[in-house]
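Participant: generate a structure from the sequence data that follows.
(2 chains)
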There are 2 protein chains.
Amino acid sequence: MKEISLGLIGFGTIGTGVVKVLQENATLIQQRLGAKLVLKRIADLDLTTPRNVTLEKGVLTNDARSILKDDQIDIVIELMGGYEPARTFLLEAMANKKHVVTANKALLATHGDELFAVAKKENVNIGFEASVGGTIPIIKTLKESLAANRIRSLLGIVNGTANFILTKMTDEGKSFAAVLKEAQSLGFAEADPTYDVEGIDTAHKLAIVLALAYGKKVHLEDIYREGIGQISQQDIDHARELGYRIKLLAIARETAGIVEARIHPTMIPCDHLLANVNANFNAFHILGDASGPIFLYGQGAGMLPTASAVVGDLVDISREILKGVSGLKPARAYHTETGERINLLPMDEVRTNYYFCFSAVDRPGVLSKISGILGGRNISIAAVLQKGRKETGAVPVVITTYKARERDVQDALFEIDKLDIVLGKTVVIRVEDDKL
Amino acid sequence: MKEISLGLIGFGTIGTGVVKVLQENATLIQQRLGAKLVLKRIADLDLTTPRNVTLEKGVLTNDARSILKDDQIDIVIELMGGYEPARTFLLEAMANKKHVVTANKALLATHGDELFAVAKKENVNIGFEASVGGTIPIIKTLKESLAANRIRSLLGIVNGTANFILTKMTDEGKSFAAVLKEAQSLGFAEADPTYDVEGIDTAHKLAIVLALAYGKKVHLEDIYREGIGQISQQDIDHARELGYRIKLLAIARETAGIVEARIHPTMIPCDHLLANVNANFNAFHILGDASGPIFLYGQGAGMLPTASAVVGDLVDISREILKGVSGLKPARAYHTETGERINLLPMDEVRTNYYFCFSAVDRPGVLSKISGILGGRNISIAAVLQKGRKETGAVPVVITTYKARERDVQDALFEIDKLDIVLGKTVVIRVEDDKL
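Facilitator: Numbers count the residues shown, from 1 in each chain, chains lettered A, B, ... in the order given. Next comes the predicted model:
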């Protein structure tokens, strides 16, 4: 039986998952691959934490370079995360003609160009299925299954922490702050949650996926991004009343070669498949011009689900090694990739549906004033909810709109928020509703 | 630019879709493949029906053998359907060292062994993504993405006609007969609907998928099969009241190397992802031991969605041709395939949840009598609904159960249906509910 030798750098949660899967399903993987995957060496600075797996003596080392230099190792798996030394290790591995597999979305989103260029030059593969959507085969689907399709749109829930928080807020009526605290104590959110709740992690993943869908790169800072920190229980209640749920969505949409790329809390109809993606699950709703809608769902993180994606990549790459080839599929789905940037639609020009919640005094004529300003900017109203009655202070006036242009909306809100009948800053949440 | 030459046999709906996709997305496909897909010849007996696509002169022929014998053709696409001459054409194409792509599930489910053996002998690829689930990448996901996983279970909605009928019955309160008639007039159901509503088509697809999941074959006649013809509006109403929806499911489940394979109408909880797969959509819910739950959804049929899967296969195979290799992935996911049969659990031994609707006289003691017989067979009751009151005739008594053994259920029902307090044959619908 032929053997493929692996070296693993990073023996944390996912690394341990990879070892478990390789050990527990060794026979099954052999039957499917027609060869044996042998984990020859694992490098981590921490040699003492118990990982609950049995390793042969000499496998675990604190010297990552002993893996990078080992001529017998065919594939290096990088699961340490972070930019450095992960980047350097991957570059060295490829320079030594090793294929690599990584789950490092931050690194791929920021240094992808460099890494993929080296992979091409050295004629080695980079497997990165685990970097986006955990166990969901989103990379493979975009690179292979949908190769015949123009990707019209792609909506994704790709951050488990943000989705966990929004789900809890929706189901249990708790505030963002309270749920965040709970998530932190359960280990579902970091002490500094910025990366997850501000949509930065979501942007990394959207950047990776955009390159696959459109064959051009996108700069992270060009992706419009809003986090979930401002979402209130009142918005969630209004959403429910309107038949919506609020999700942090990554949105890509192509029209005549121009691409929208944005991340923000979004109201989606309750009967949309994405509205029922709860807790820490991830999902993608892709619209291909030939395929029509495709929906993919699964665990976006976690030890074994992520390991499943990593080992899937190992099997893919090993199949090429066994046939004596490499680079069967272009690393980022296109042979024509030039480093050119995607032609992005400026956020100001985006047209979508909106939910507004105005804090207005309860006085006749308020709605007429607000709707007058909206109408003047070509913003058509789809629905109005006027909530409660109050002699003093503000009452919420909720308005949803047909498709309007972002700049018109911002201009209208600027004007409305200056009115003396409007007492606070208006809440704006974008809506994805095909029926509007 | 390198070229891959294609020959298409069968210029019906799907064949036309393939031509459209190849023409309309030619540039995009070239950019992703790094080569040109050239459709050199199309064979069909019908040369006159307008297909609304422009072909160069000489492409269309009524001589399929001119494709099979053409040395320049690399890949033959078979989209004629049926057993013969499709089988003979595929065998001849492979004997002439051509790769093949087919959407012919009936042929693969019944003659798969022969076709895959020839493919192996001739060292050519068989692409069949389009044969199950239309545009959904179920074949690729099982063969590649989930290569590291033991497949614990797989639930599928794979027949659009049956799902369309059940959806209409549920949403519009119409009878099976009425909806079937409507589906026939809309062209969503055949004049003879047996194939779809009796679960035969579903069985073909389950057989194909089972071989990929478990590396062994299954005989079609060994798959337990029940159609949807007996489902009444009363059952749908009861399901709704219990929080369920009725779907025709293909079910595979593995425990300790023994596999359940069955197709029947099934009640599933309303909040299950599969419960919201409506109209003619298809979906799969797969549980891998490492991946956890994965859900894939899309159009299971139709011109362009099916063509998307066919051209995806063409790109896959072309990538191998361009690298000078073949058979990168084992055709049916396992290198160890021997023709051995899957160790199937006899239907009698299956343990699942049940819904019963008894037609009982409205008299004290009826429930006690029925539940006594169930209890005597180790069948525990989860819920009871007693509907309406009637002096004469039968009232429905609805009972759902915890997990029970099929044989015990059949024995209990045999006994219960003989009681003089039970006036008609008891309705049995199996239930998939993790909470029971």
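
Participant: and the residue lying closest to residue A:161 once chain neighbours are set aside, what does it touch?
Facilitator: Taking C-beta to C-beta, 6 or more residues apart in numbering or on different chains, and ignoring the residues beside it in sequence, residue A:161 has residue A:196 as its nearest neighbour in space, at 3.8 Å. Any C-beta I mention is one placed from the backbone N, CA and C, and that applies to glycine too. Contacts of residue A:196 were listed using C-beta atoms under 8 Å, 6 or more residues apart in numbering or on different chains, and they are A:159, A:161, A:162, A:189, A:190.

Participant: which of the residues you listed ranks first by neighbour count?
Facilitator: Neighbour counts for the contacts of residue A:196 (other C-beta atoms under 10 Å in any protein chain shown) peak at residue A:159, which has 30 neighbours.

Participant: isn't residue A:326 right up against residue A:99?
Facilitator: Yes. Counting by C-beta atoms under 8 Å, residue A:326 does reach residue A:99; the two are 7.3 Å apart.

Participant: list residues touching both of those two?
Facilitator: Shared contacts of residue A:326 and residue A:99, counting by C-beta under 8 Å, 6+ apart, come down to A:124, A:125.

Participant: which one's more surrounded, these two?
Facilitator: More neighbours surround residue A:99 than the other of residue A:326 and residue A:99, with 29 against 16 (other C-beta under 10 Å).

Participant: mind listing what's buried along the helix or strand in which residue A:30 is found?
Facilitator: Take DSSP states H and E as the rule and residue A:30 turns out to sit in helix A:26-33. Neighbour counts over helix A:26-33 (16 or more other C-beta atoms under 10 Å in any protein chain shown) mark A:28, A:29, A:30, A:31, A:32, A:33 as buried.

Participant: mind listing what the residue nearest the centre of chain A touches?
Facilitator: Nearest residue to the geometric centre of chain A (C-alpha atoms, centre = their mean): residue A:158, 3.4 Å. Contact analysis of residue A:158 by C-beta under 8 Å, 6+ apart lists A:132, A:133, A:201, A:202, A:205, A:206, A:250, A:282, A:284, A:300.

Participant: list just the nearest of these to residue B:184.
Facilitator: residue A:284 (35.3 Å; C-beta to C-beta).

Participant: name the SS class of that closest one, please.
Facilitator: strand (DSSP: H, G, I helix; E, B strand; the rest coil).

Participant: got a list of contacts for the helix holding residue A:30?
Facilitator: Helix A:26-33 is contacted by residues A:1, A:4, A:22, A:36-37, A:311, A:315, A:318-319, A:322, B:143, B:147-150, B:215, B:330, B:333-336 when judged by C-beta under 8 Å, 6+ apart.

Participant: now the following helix or strand past that helix and helix A:26-33, what's the angle there?
Facilitator: Next helix or strand after helix A:26-33 toward the C-terminus (DSSP H and E): strand A:36-43. Orientation of strand A:36-43 against helix A:26-33 (axes from the mean of the first three to the mean of the last three C-alpha atoms, to 10 degrees) gives an angle of 120 degrees.

Participant: quick check: chain neighbours aside, which residue is closest to the residue nearest to the centre of chain A?
Facilitator: Closest to residue A:158 by C-beta to C-beta, 6+ apart is residue A:205, at 4.4 Å.
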